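# No sequence on hand, only this structure:
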């Protein structure tokens, strides 16, 4: 979601609340706003739509396709291969999670034998 889209949504809500003279709980409103802000693409590129390949993801991240491929292999960006020798496909959600500074996959715990 782009910031401009979020602002338009909030402006519509404000008009509805004013028209209805609605009273809302501040804590719930703040929780709602925070949840919405977490969906905002801070780089300005829309992240809704179909999965992308490493070249497309690289353009959005400002990285080379080979770098994105390496991040996929390292599981720092959640992605899937189209076939054993095929290209990587990256979901928009996984790219957003990577952009937000968190790995899009959970760290695996390894069993240590003593």
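On my side now, so go ahead. Only a predicted model underlies this, so the values are computations on that prediction, with no experimental measurement involved. Numbering: from 1, shown residues only.

# Mean pLDDT per helix and strand in this protein: which one sits at the bottom?
helix 26-37 (a mean of 78; mean pLDDT, DSSP states H and E).

# helix or strand right after that helix?
helix 54-61 (DSSP states H and E).

# chain center to that following helix: distance?
How far helix 54-61 lies from its chain's middle: 14 Å, per Cα atoms, centre = their mean, to the nearest Å.

# now stretch 63-80
Relative to its parent chain, stretch 63-80 has a centroid offset of 15 Å by Cα atoms, centre = their mean.

# ok, and what's touching that stretch?
53-55, 57-58, 61, 88-91, 94-95, 97-98, 103-105 (Cβ atoms under 8 Å, 6 or more residues apart in numbering). C-beta: built from backbone N, CA, C; applies to glycine.

# Quick check: mean pLDDT of that stretch?
Averaging pLDDT along stretch 63-80 gives 93.

# Could you list the buried residues of that stretch?
65, 68-69, 71-72, 76-79 (16 or more other Cβ atoms under 10 Å).

# Can you pull the poorly scored residue ranges out of the chain?
1, 40-49, 102-114 (pLDDT under 70).

# which other helices and strands contact the biggest helix by length in the chain?
Using DSSP state H to define each element, the chain has its longest helix at helix 3-20. Identification of packing neighbours for helix 3-20 by 3 or more Cβ pairs under 8 Å, 6 or more residues apart in numbering; DSSP states H and E yields helix 26-37.

# and the helix it packs on with helix 3-20, angle?
In terms of direction (axes from the mean of the first three to the mean of the last three Cα atoms, to 10 degrees), helix 26-37 departs from helix 3-20 by 150 degrees.

# can I assume residue 54 is in contact with residue 86?
No. Look at residue 54 against residue 86 with Cβ atoms under 8 Å: they stay out of range, at 11.4 Å.

# tell me the domain ranges of this structure?
Using automatic domain parsing, the domain ranges for the chain come out as 3-37, 54-99.
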